[in-house]
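Q: can't give you the sequence, but here's the structure:
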């Protein structure tokens, strides 16, 4: 299967020293990750506490997103890469999701990282990844609405997995969730009052400097 694959890898750390190590790697491992053979677009990210979609950092959970040429390359490099090896050696828990993009709109750091090849029926399960860079003047208004959305998705019985992530705290936000099918995801997106009000406010106020919305088929997981 030669189609591009995106991976999102999560690493949970326990203990003060391991958490401190993980925090420092957000800066120290960037060049080493970029030198990983076969890696394409990639980002190292922190996460939020609670349900994840909050402005308070979670110093025990970090994520690496990467794009690879195909599934075999993704599995091989994640297994053999020195960066991923170091994270696995220090982490109490790790989990990688393998994703095939099925739709994507917008830009991330000025580019579209997810290549769509061919048309397919809606996947089951489906992963959803919205990402945005906030305009600084709108930061406070955005985060005032975030807790109600976070509580709503946390109470949703359909969501299979969820995590709120960020490249730059408070300004560059990524949300990632996995749903059984597109119907369950759409019920949350369009019927949740808190989520719908937040989206309307974002659009009316033009809060984002850059945004991207992508959907993926979940093709595998490990960890």
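A: Perfect, thanks for sending it. Since we're looking at a predicted model, the values are computed, not measured.
Q: got the end-to-end distance for stretch 8-21?
A: Across its full length, stretch 8-21 reaches 20 Å between end residues, using CA to CA, to the nearest Å.
Q: what about stretch 35-47, start to end distance?
A: One end of stretch 35-47 to the other measures 24 Å (CA to CA).
Q: which residues does that stretch contact?
A: Stretch 35-47 has contacts (CB atoms under 8 Å, 6 or more residues apart in numbering) with 4, 25-26, 29-30, 33-34, 57-59, 61-69, 73, 77, 81, 83, 108, 111, 113, 163-167, 169, 174. Bear in mind the C-beta positions are built from the backbone N, C-alpha and C, glycine included.
Q: could you do stretch 206-213 as well?
A: Identification of contacts with stretch 206-213 by CB under 8 Å, 6+ apart yields 104-110, 112, 128-135, 138, 141-142, 201-202.
Q: list only buried entries from those.
A: Among the contacts of stretch 206-213, those buried by neighbour count (16 or more other CB atoms under 10 Å) are 104, 108, 128-134, 138, 142, 202.
Q: quick check: buried residues in the host helix or strand of residue 163?
A: Applying DSSP states H and E as the criterion places residue 163 in strand 161-166. For strand 161-166, the buried set under the neighbour-count rule, 16+ other CB under 10 Å, comprises 161-166.
Q: show me which of those is closest to residue 152.
A: Lowest distance from residue 152 to the buried residues of strand 161-166 (CB to CB) belongs to residue 162, with 11.0 Å.
Q: excluding its backbone neighbours, what's nearest the closest one?
A: Distances taken as CB to CB, 6 or more residues apart in numbering put residue 177 closest to residue 162, at 4.4 Å, once the chain neighbours are dropped.
Q: what pairs with the one you found across the strands?
A: residue 128, residue 162 (DSSP bridges).
Q: how close does it sit to residue 17?
A: Separation of residue 177 from residue 17 (CB to CB, to the nearest Å): 31 Å.
Q: again with residue 223
A: When distance is defined by CB to CB, residue 223 is 22 Å away from residue 17.
Q: so if I had to pick from the two, which one is more boxed in?
A: Between residue 223 and residue 17, counting by other CB atoms under 10 Å, residue 223 is the more crowded of the two (13 against 10).
Q: where do the strands of the chain begin and end?
A: 5-12, 42-48, 57-68, 93-106, 126-134, 161-166, 172-179, 208-222 (DSSP state E).
Q: which residues does the closest residue to residue 127 other than its chain neighbours bridge with?
A: Leaving aside its chain neighbours, residue 127 sits nearest to residue 216 (4.2 Å; criterion: CB to CB, 6+ apart). For residue 216, the beta-bridge partners are residue 101, residue 127 (DSSP bridges).
Q: contacts only, for residue 216.
A: 6, 99-102, 114, 123, 126-129.
Q: repeat that for residue 56.
A: By CB under 8 Å, 6+ apart, the neighbours of residue 56 are 48-50.
Q: if we go to 6 Å?
A: Applying CB atoms under 6 Å, 6 or more residues apart in numbering to residue 56 gives the contacts residue 49.
Q: low pLDDT regions in the chain?
A: Where the chain drops to pLDDT under 70, the residues are 1, 51-52, 141-151, 190-205.
Q: how near is the most centrally placed residue in the chain to residue 16?
A: Nearest to the mean C-alpha position of the chain, by CA atoms, centre = their mean, lies residue 176 at 4.3 Å. As judged by CB to CB, residue 176 and residue 16 stand 27 Å apart.
Q: and for residue 22?
A: To residue 16, residue 22 is 11 Å away according to CB to CB.
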